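>>> Give me a model of this one.
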Amino acid sequence: MRVKTLAAAMCAAFTFGVQGTASADLWGPGPEDPAGCTAPVVTDWDGDAVVDQSGGQLGRPTHPGPDDMDLTSFNLNWATDHLVADIGLKALSGNPMGPTDSQGGNNYYLFFKTADGVNHFVRATNRTQDGITFAYGEIARLAAGGQNLFDVYQTDGTTTGKLDTATGHITLDVPASVGIKPGDLLTDLTANADGIFGYDDQAGFNNHIDEAPDGSDSFTPSGVTLTVTDCLAPPA
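Residues are numbered from 1 along each chain as shown. As a prediction, this is how the structure comes out:
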């Protein structure tokens, strides 16, 4: 996958009535807004999704991933009493990948860490077995002998969301029970579009088909931060 260059640039701009402003584009083609108000927090170049059919083994081919798994952006917005995650794809047909690419369907994650160090996620899954479902949870890290081995996806419950084939966007509600509020700092925001070798992310092996920013996941911090902002609140 293409490695993006982090441009250490800052710019000043004025906003009128809406919090946040599109800034120098750090992660992708842009535009981007660190507050997520006027543009996504992170954009991602398209055309870099890759399906690895090896399942962690040798001897099976890779091939370009479908547009449904090709990330272009992600964002988090405040909506009255909770956050709403938005994941953008190059296109969204609504069709799950076949079993040679993923037995566990199409899985879309947005990760973020809260101040207590918990790595939360919201997930949309599209499988032939049970259709489109939305869930939230957190990452539990399995370690032995002082070494981090791998991450375990711990699903805490279901949530609401929408897979919109017309716009190519998936939206997911972060439940208010997670306890996030405006002013909170979230760190290491990451989006992954995954296939799964196995039934699901608890009983199978996740294969990252695309990441945003590239090379980041729940195990590899992205460095992306967001201060939760009520974008509709009048400027102070």
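>>> Going by contacts, tell me the helices and strands next to the lowest-mean-pLDDT helix or strand in the chain.
Ranked by mean pLDDT, DSSP states H and E, the weakest helix or strand in the chain is strand 147-158, scoring a mean of 86. Judged by 3 or more C-beta pairs under 8 Å, 6 or more residues apart in numbering; DSSP states H and E, strand 147-158 is in contact with strand 119-127, strand 131-144. To be clear about C-beta, it is placed using only N, CA and C from the backbone, and glycine gets the same treatment.
>>> Compute the number of surrounding residues for D67.
Other residues lying near D67 total 16 when counted by other C-beta atoms under 10 Å.
>>> quick one: it from S216, how far?
Distance from D67 to S216, counting by C-beta to C-beta, to the nearest Å: 21 Å.
>>> Point out where this structure drops to low pLDDT.
Residue ranges of the chain with pLDDT under 70: 1-25, 55-60, 236.
>>> Show the contacting residues for the most centrally placed residue in it.
Closest residue to the average C-alpha location of the chain: A191 at 2.1 Å, with C-alpha atoms, centre = their mean. Residues near A191 by C-beta atoms under 8 Å, 6 or more residues apart in numbering: 42, 44, 71, 74, 87, 108-111, 211-212.
>>> Distance of the residue lying closest to G157 once chain neighbours are set aside relative to T159?
Spatial nearest neighbour of G157, excluding adjacent residues (C-beta to C-beta, 6 or more residues apart in numbering): Y136 at 6.2 Å. Applying C-beta to C-beta, the value for Y136 to T159 is 5 Å.
>>> Could you do Y109 as well?
Per C-beta to C-beta, Y109 is found 13 Å from T159.
>>> Look at the two and report which has more neighbours.
Y109 (28 against 21).
>>> so what's the residue nearest to the centre of the chain bridging to?
Residues in a beta bridge with A191, per DSSP bridges, are L110, A212.
>>> if we can go back for a sec, please enumerate the shared neighbours of Y136 and T159.
With C-beta under 8 Å, 6+ apart, Y136 and T159 have common neighbours 122, 172, 174-175.
>>> tell me which of those residues is nearest to P182?
V174 (13.1 Å; C-beta to C-beta).
>>> For V122, see how far away the closest one is.
Relative to V122, and taking C-beta to C-beta, V174 is found at 6 Å.
>>> the more surrounded of the two?
The residue with more neighbours, out of V174 and V122, is V122; 27 against 21, by other C-beta under 10 Å.
>>> where's that one relative to L83, distance?
Counting by C-beta to C-beta - V122 and L83 are separated by 9 Å.
>>> Quick check: bridge partners of F74?
Here F74, judged by DSSP bridges, has bridge partners V42, I87.
>>> isn't it right up against L189?
Yes. Here F74 reaches L189: they are 7.2 Å apart, a contact under C-beta atoms under 8 Å.
>>> Between those two, which contacts overlap?
41-42, 110.
>>> Would you map the strands across the protein?
Counting by DSSP state E, the chain has strands at residues 42-43, 50-52, 62-64, 71-79, 82-89, 106-113, 119-127, 131-144, 147-158, 161-164, 169-174, 185-197, 205-212, 225-227.
>>> Generate JSON lines for these, with distance to N95 as supplementary columns.
Below are the strands of the chain laid out as JSON lines (distance: least, C-beta to C-beta, whole Å):
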{"stretch": "strand 42-43", "distance to N95": "25"}
{"stretch": "strand 50-52", "distance to N95": "14"}
{"stretch": "strand 62-64", "distance to N95": "16"}
{"stretch": "strand 71-79", "distance to N95": "17"}
{"stretch": "strand 82-89", "distance to N95": "12"}
{"stretch": "strand 106-113", "distance to N95": "8"}
{"stretch": "strand 119-127", "distance to N95": "8"}
{"stretch": "strand 131-144", "distance to N95": "11"}
{"stretch": "strand 147-158", "distance to N95": "22"}
{"stretch": "strand 161-164", "distance to N95": "11"}
{"stretch": "strand 169-174", "distance to N95": "14"}
{"stretch": "strand 185-197", "distance to N95": "13"}
{"stretch": "strand 205-212", "distance to N95": "14"}
{"stretch": "strand 225-227", "distance to N95": "31"}
